[in-house]
Structure formats: structure tokens, C-alpha cells
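1. Turn this into a structure:
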Amino acid sequence: MKQFYFERLEVWQEARSLTKLIYTITAHFPSEEKYGLTSQLCRATLSISANIAEGMGRITEKDKARFVNQAFSSAIEVVNFLVLANDLGFIRTAVFVGLRLLSVCILILCIMKNKNIN
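-> Numbering: from 1, shown residues only. Below you'll find the model as predicted:
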């Protein structure tokens, strides 16, 4: 099966991995958080890979860069929600540290991708 260009990008692959991890850990969040932190964290995480994919489908470099910037912003949002999840005791500190490191890796990859676009 032919792969799309975005599927070969390390930033998209890491975002995909983060999404799977986030869905696994949020399954154990309190049920009253289903429409709160759980939903926000999952949506922000999904947005990273979705913006990378959509951006790579755009024609102009300016459009591509704009979507990578949106992915970057979503990754920052994920870090925020992870901090809150840790503060509220929904995730252990070790899990938080690992997910934060993966999120920071994605942030760096977004910056690198934008430098390659511009």
C-alpha cells in the first residue's frame, strides 16, 4: 500500500504514538472527567497529527507552515493538560515525565519541520 508523504514524517509518527498513549491513560481517568480533561487532552493530541497531515496536503509553503504551527500549538496544549492531570493525581509522575518528554520531542520536530519548509 502506498504511503502518503505525512506518514513518513517522524513528527507525524511521534504524534501518532503520543495519541495512542494518551487514549490508553485517559481510559483510566475518573468518569466525571469524560467531557472535561479527558476530552480536551484527547482532542488536543489528535489535533497534532491531524494538522501535520492536513498541512502536508497543502500546496503552498505558507499553508504547510501554518498547519505545522497549529500542530505545535496543540502540542503545547497537550503539555498543559498533562501538567494538570499530574497535579490532579490522574497520572503518576513517572508517566507524566515520559509523556511530557514525548510532547517536547514533537515540539522540537515541529520547529525543525517548519525550518525545512521555510
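2. For this structure, which segments count as helices?
-> 10-26, 37-56, 61-87, 93-117 (DSSP state H).
3. mind checking which of those is nearest Phe4?
-> Proximity to Phe4 (CB to CB) singles out helix 37-56 among the helices of the chain, at 7.4 Å. For the C-beta atoms, the positions are set from N, CA and C on the backbone; glycine is no exception.
4. Go through that closest one and flag the buried ones.
-> Residues of helix 37-56 classed as buried under the neighbour-count rule (16 or more other CB atoms under 10 Å) are 37-38, 40-42, 44-56.
5. and if you look at stretch 103-118?
-> Neighbour-count burial for stretch 103-118, counted by 16+ other CB under 10 Å, picks out Ser103, Cys105, Ile106, Leu107, Leu109, Cys110, Lys113, Asn114, Ile117.
6. Using CSV, please lay out the residues you listed together with distance to Ser31.
-> As requested, the buried residues of stretch 103-118 are arranged in CSV below (distance: CB to CB, whole Å):
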residue, distance to Ser31
Ser103, 25
Cys105, 31
Ile106, 28
Leu107, 31
Leu109, 34
Cys110, 33
Lys113, 37
Asn114, 39
Ile117, 42
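7. Throw these into TSV and include pLDDT, thanks.
-> Formatted as TSV, the entries for the buried residues of stretch 103-118 read as follows, by pLDDT from 0 to 100:
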residue	pLDDT
Ser103	97
Cys105	97
Ile106	97
Leu107	97
Leu109	96
Cys110	96
Lys113	92
Asn114	89
Ile117	84
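8. which of these lies closest to Thr60?
-> Comparing every one of the buried residues of stretch 103-118 with Thr60 (CB to CB), the shortest separation belongs to Ile117, at 9.9 Å.
9. Nothing else from me, thank you.
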